[in-house]
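Enquirer: return atomic coordinates for the entry below.
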Amino acid sequence: MLKYLVFVGVLVQLIVIFSYSREIIRGKVKPNRITWLMWSLAPLIAAAAGFVSGVGLAVVPVFMSGFGSLLIFIISFVNKKSYWKLETFDYWCGFFSLLALILWGITKQPIVAIIFAMISDFFAAVPTLAKAWKHPETENAAPYLAGLFNALTSFAAVKMWGFTELAFPIYLILIDSSLALAVIRKKLRLNFG
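Expert: I've put the predicted structure just below:
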């Protein structure tokens, strides 16, 4: 019964995604499109690899991470003033993120796919992490906190405590925690330089 907790995580994440989408449309937050596009690809590929490997409900939060990011990416085009201006650094991170996905495509092994999906997701996260650290007012911590909760629900559905079930959720916990901290650190008076 505890395994169905993943659906609570899905519901929480959907509610926050719709809330974040409203903030995009109103111009209150400015998502980095490279980050959100790549955040949609890497988890969706990792989820597909998990499904192929026989991972059950534990892969649902990973899928939701990708699906929600795809929605944010699409919605970022609604308000022309609500996106972050991309710089060379953003494009390089996007390139390395895409390269990791291409390398996965060459190997076609589920474990390798998950590793490269995490690398891809990390390179996609770097521009938003840097933006949130320097300009936290352009972000909202809610999507990252919801992503953290969603990733934590994976552990309620784990059947086989192996790499294919645990790696991406653990990675999501680390990256979502880092992003949320970057956004709220000034409110918590955690200025590290």
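
Enquirer: CA atoms for contacts and neighbours, from now on please.
Expert: Fine.

Enquirer: from the contact counts, what lies against the top helix by length along the chain?
Expert: Counting residues, the longest helix in the chain under DSSP state H turns out to be helix 110-134. Counting contacts by 3 or more C-alpha pairs under 8 Å, 6 or more residues apart in numbering; DSSP states H and E, helix 110-134 is packed against helix 33-52, helix 88-107, helix 163-184.

Enquirer: tell me the angle the longest one makes with helix 110-134.
Expert: I take that to be helix 163-184. Put simply, helix 163-184 runs at 0 degrees to helix 110-134, going by axes from the mean of the first three to the mean of the last three C-alpha atoms, to 10 degrees.

Enquirer: next one: the second one
Expert: Here helix 88-107 runs at 170 degrees with respect to helix 110-134, directions being taken by the same axes, to 10 degrees.

Enquirer: helix 88-107 packs against which elements?
Expert: Short answer (3+ C-alpha pairs under 8 Å, 6+ apart): helix 88-107 packs on helix 33-52, helix 110-134.

Enquirer: per-stretch mean pLDDT over those, give me the minimum one.
Expert: Looking at those, the lowest mean pLDDT belongs to helix 33-52 (a mean of 80).

Enquirer: can you dump the C-alpha atoms of the helix or strand following that one in PDB for me?
Expert: Once helix 33-52 ends, the next helix or strand along the chain (criterion: DSSP states H and E) is helix 60-75. Provided in PDB are the C-alpha atoms of helix 60-75 (Å, rounded to 0.1, in the frame of the first residue of the first chain):
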ATOM      1  CA  VAL A  60       6.900   7.200 -11.800                       C
ATOM      2  CA  PRO A  61       8.500  10.100  -9.900                       C
ATOM      3  CA  VAL A  62      11.400  10.200 -12.400                       C
ATOM      4  CA  PHE A  63       8.800  10.200 -15.300                       C
ATOM      5  CA  MET A  64       7.000  13.100 -13.600                       C
ATOM      6  CA  SER A  65      10.200  15.000 -13.200                       C
ATOM      7  CA  GLY A  66      10.600  14.900 -17.000                       C
ATOM      8  CA  PHE A  67       6.900  15.500 -17.800                       C
ATOM      9  CA  GLY A  68       6.600  18.500 -15.500                       C
ATOM     10  CA  SER A  69       9.800  20.000 -16.900                       C
ATOM     11  CA  LEU A  70       8.400  19.600 -20.400                       C
ATOM     12  CA  LEU A  71       5.300  21.500 -19.400                       C
ATOM     13  CA  ILE A  72       7.300  24.300 -17.900                       C
ATOM     14  CA  PHE A  73       9.500  24.500 -21.100                       C
ATOM     15  CA  ILE A  74       6.400  24.800 -23.300                       C
ATOM     16  CA  ILE A  75       4.700  27.400 -21.000                       C
END
